[in-house]
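S.K.: starting from these lines, generate the structure:
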Amino acid sequence: MAETHVLFVEDDDVIREATQLALERDGFAVTAVPDGLTGLEAFRAKQPDIALLDVMVPGLDGVSLCRRIRDESTVPVIMLSARADSIDVVLGLEAGADDYVTKPFDGAVLVARIRAVLRRFGHASGGRAGGGQPEPAAEGGVLVFGDLEVDTEGMEVRRGGAQVGLTPTEMRLLLEFSSAPGTVLSRDKLLERVWDYGWGGDTRVVDVHVQRLRTKIGQDRIETVRGFGYKLRA
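M.R.: The predicted model follows:
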């Protein structure tokens, strides 16, 4: 089986080298670069399986680099931020990142988060995460909600007949909602099912992805239930 290839963009030499060694010990192939422009070149040349981007890197910052990657690919992206309460976290997620890890980080935690993201992407074409919720009646695996069509077999979404481009994380999020329309799903439940968190996580990850999903499928399609979570309007 081929090694999972990680692109790691980090300008701190010590962190970059130590993290690269730690990831390689865990069986990953790593391309580590010190700035965003080199990172973009490496992304295009190497076609990695996942990208780890520090927010504050020279040349092209991590958020801008994430946007450039998203313009070209749905490859999973994890942002690295020095402050958990930084606006950079939200900016990174809004740029299309799938998750983030706060620095300083434990190597085992980073590896666990990488593996969780890769599991999600590996299963993105194989159906929804979790289980137990009956799916609404569908014709040929297509769920219909007004002008929104969710093809659960072909992993495609159409709105008004036009195809909607979703990242794998956004697709998994929509599958969770569409599997139980009208049912309120808490942020913690969505973190568990979509992000594969077996522990408490930052619910901003959910909120930002819901906002991104709304811009693509319609702002009024997903309703906020204050104090509880979100639900797809049936």
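S.K.: the strands in this structure, which residues?
M.R.: If you assign secondary structure with DSSP state E, the strands in the chain sit at 5-9, 29-33, 50-54, 77-81, 99-102, 142-145, 148-151, 156-159, 162-164, 222-225, 229-232.
S.K.: and the longest helix anywhere in the chain, average pLDDT?
M.R.: Of all the elements of type helix in the chain, the one with the most residues (DSSP state H) is helix 107-122. Looking at helix 107-122 alone, the average pLDDT works out to 86.
S.K.: buried set for that helix?
M.R.: By neighbour count, with 16 or more other CB atoms under 10 Å as the criterion, the buried positions of helix 107-122 are 110, 111, 112, 113, 114, 116, 117, 118, 120, 121. Using the backbone N, CA and C atoms, a C-beta is placed for each residue, glycine as well.
S.K.: OK, contacts around the residue most central in space within the chain?
M.R.: In the chain, the residue lying closest to the centroid (CA atoms, centre = their mean) is residue 98, at 2.2 Å. Contacts were defined as CB atoms under 8 Å, 6 or more residues apart in numbering; by that measure residue 98 touches 76, 77, 78, 117, 120, 167, 168, 169.
S.K.: and residue 213, how far from residue 224?
M.R.: In this structure, residue 213 lies at 12 Å from residue 224, with CB to CB, to the nearest Å as the measure.
S.K.: comparing the two, which residue is more hemmed in?
M.R.: For the pair residue 213 and residue 224, the greater number of neighbours falls to residue 213 (24 against 13), based on other CB atoms under 10 Å.
S.K.: contacting residues around the closest residue to the more buried one other than its chain neighbours?
M.R.: The spatial neighbour of residue 213 that comes closest, neighbours along the chain excluded (CB to CB, 6 or more residues apart in numbering), is residue 170 at 5.3 Å. If a contact means CB under 8 Å, 6+ apart, then residue 170 has 209, 212, 213, 216 as its contacts.
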